[in-house]
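[1] fold the stuff below for me.
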Amino acid sequence: MSMTDCSVPATGMSHGAAVKMPLAKRPLHRLGEVRRLQGVTRRTIARRLGTDLAAVKAQEQPTTDMLLSNLYAWQEVLDVPVGELLVETEEPLSAPVLKRAQLVRLMKTAAAILERSQQSAIRRMAQMLVEQLCEIMPELEGVSPWHTIGRRRTQDELGQAALRHFSTDTFRELIE
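    Residues are numbered from 1 along each chain as shown. Reported below is the predicted structural model:
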């Protein structure tokens, strides 16, 4: 049997018939799903993994066969048990991971209200909510608020850094 002929039994068989699903088509992980549930952007994942967006996007494809070291790096960045990143048919994520994702999103919202509100009563209420969420789940401390500045750039647009102008003296100083 060649490597391209490799197949595994599919679940959900009827009447005892063995249906084979090619290994290349079978989902192997749910990195993208867990990332979205955790409210983490691809850009943040790329920064924390020390890679680029294209690599993150490719690794998120459920059929991407990854090294274990890469899977463990994702596990550390997403802060979930590695078993939650693996796929076994169509089972949903475990209740604790779903609950954590909900709490992370709630904390991001509370932090955004606290950061942006001008009214002292609303700020006090948001601060109390942040503190209560940290009591429930201490690792939520330090979760950043949702981003609101600017808008997402398309692949063809340049960021502000590309528009900055530097004098030739700046480059001469770097060379010397």
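
[2] may I ask which helix or strand encompasses the residue nearest to Ala46 when sequence neighbours are not counted?
    Closest residue to Ala46 apart from its sequence neighbours, by C-beta to C-beta, 6 or more residues apart in numbering: Val56 at 4.7 Å. All C-beta spots, glycine's among them, are computed from the backbone N, C-alpha and C. Secondary structure from DSSP states H and E places Val56 in helix 53-60.

[3] any buried residues in the helix or strand following that helix, and which?
    Sequence order places helix 68-78 as the next helix or strand after helix 53-60, per DSSP H and E. By neighbour count on 16 or more other C-beta atoms under 10 Å, the buried set for helix 68-78 is Asn70, Leu71, Ala73, Trp74, Gln75, Val77, Leu78.

[4] relative to Glu135, how far out is the residue nearest to Ala46?
    33 Å (C-beta to C-beta, to the nearest Å).

[5] which of these two has more neighbours?
    Per other C-beta atoms under 10 Å, whichever of Val56 and Glu135 has more neighbours is Val56, with 22 against 9.

[6] is it true that the more buried one touches Thr44?
    No - with contact defined as C-beta atoms under 8 Å, Val56 does not count as touching Thr44 (9.4 Å).

[7] residue contacts, the closest residue to Ala111 other than its chain neighbours?
    Excluding its sequence neighbours, the residue lying closest to Ala111 (C-beta to C-beta, 6+ apart) is Pro145, at 3.8 Å. By C-beta atoms under 8 Å, 6 or more residues apart in numbering, the contact set of Pro145 is Lys108, Thr109, Ala111, Ala112, Leu114, Glu115, Arg116.

[8] can we see that at 10 Å?
    Met107, Lys108, Thr109, Ala110, Ala111, Ala112, Ile113, Leu114, Glu115, Arg116, Val130 (C-beta atoms under 10 Å, 6 or more residues apart in numbering).

[9] of all the residues you listed, which two lie farthest apart?
    Met107 and Arg116 (14.8 Å; C-beta to C-beta).

[10] and the two? Which one has more around it.
    Met107 (24 against 13).

[11] my guess is that one meets Glu135, correct?
    No - using C-beta atoms under 10 Å, Met107 is not in contact with Glu135, being 11.8 Å away.

[12] and the average pLDDT for the helix holding Val56 is what?
    Here helix 53-60 scores 94 as its mean pLDDT.

[13] packing partners of that helix?
    helix 31-38, helix 42-49, helix 68-78 (3 or more C-beta pairs under 10 Å, 6 or more residues apart in numbering; DSSP states H and E).
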